[in-house]
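>>> Below: sequence and its predicted model.
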Amino acid sequence: MMKINCNETLAVSLHRVFNADLNEHGTVFGGRILELVDGEASVAAMRVTRSTVVTAAMDHVQFLKPFHLQDSMCMEAYVTGVGHRSLEVFVKVIGEHLMTGERFVGFSCFMTYVIQDPQKSIKYDQVIPQTAEQKAMVAGYATRRQHRKENRQKQAAIINSISKDKPWEN
Ligand SMILES: CCCCCCCCCCCCCCCC(=O)SCCNC(=O)CCNC(=O)[C@H](O)C(C)(C)COP(=O)(O)OP(=O)(O)OC[C@H]1O[C@@H](n2cnc3c(N)ncnc32)[C@H](O)[C@@H]1OP(=O)(O)O
């Protein structure tokens, strides 16, 4: 059995909010947050795979509080479960009001990455949590994985109904 600690996969980075990150409400664009989060989480994923991964899914997405100018965004991502070719990464973004020091949970989600090469697989079969938060996230992995599998089966019918016809010829 090959094990890896959550902390060995932990990726941490800080982003200071700039004008270019803002929407018309003066808060950070959701799409910008997702882009930052995907980059961060992929680092945690590749610490496990040491092989190219693709983003397969993003779920449990929660935009909890807005980020503004004069906030910093501290992103933390770590692997919470491993399958054969896929793995799950938990990501949270903690905001800090730079003028007051107040900290808040602004965003969280789970990302699934899959090793691009179908011939390769993950060499670890267990992820070991250390902190109370990590223990809670790792404990839910098997259930989330099962739900994703069931959802994909349900969505197959929807995907099969998607038309590739040219809309201008309808
Ligand atoms: C202004 C400044 C700009 C700066 C800017 C910087 C941006 C910095 C970003 C960096 C970010 C880097 C990292 C991003 C990498 C991409 O962005 S990749 C691009 C986006 N993603 C894609 O294009 C993926 C498209 N999808 C696919 O290619 C295929 O569906 C996949 C994901 C490879 C899976 O296909 P497949 O090989 O046929 O899958 P299959 O054999 O059925 O299953 C293999 C495993 O995947 C799992 N799986 C498959 N599909 C799913 C799914 N939808 N959900 C969950 N699990 C799944 C299966 O359960 C299975 O798990 P295991 O049992 O092996 O553990």
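Perfect, thanks for sending it. Numbers count the residues shown, from 1 in each chain.
>>> Tell me which residue in the protein sits closest to the ligand.
Closest contact between the chain and the ligand, by CB to the nearest ligand atom, is at Gly83 (2.1 Å). Just so you know, the C-beta spots here come from the backbone N, C-alpha and C atoms, and that holds for glycine as well.
>>> quick one: contacts for that residue?
Going by CB atoms under 8 Å, 6 or more residues apart in numbering, Gly83 touches 122, 145.
>>> next one: the one 4 residues further on
For Leu87, the set of contacting residues under the criterion of CB under 8 Å, 6+ apart consists of 45, 48-49, 53, 79, 81, 112-113, 122.
>>> of the residues you listed, list those near the ligand.
Thr112 (CB under 6 Å from any ligand atom).
>>> who wins for most neighbours among the contacts of Leu87?
Val79 (31 neighbours; other CB atoms under 10 Å).
>>> Hmm, that residue is touching Cys6, no?
Yes - using CB atoms under 8 Å, Val79 is in contact with Cys6, at 6.5 Å.
>>> What about the contacts of Leu87, which are in helices?
Per DSSP state H, helices hold the following members of the contacts of Leu87: 45, 48-49.
>>> tell me which element Glu35 falls in.
Element membership for Glu35, per DSSP states H and E: helix 30-49.
>>> Likewise for Pro118?
Using DSSP H and E, no helix or strand contains Pro118.
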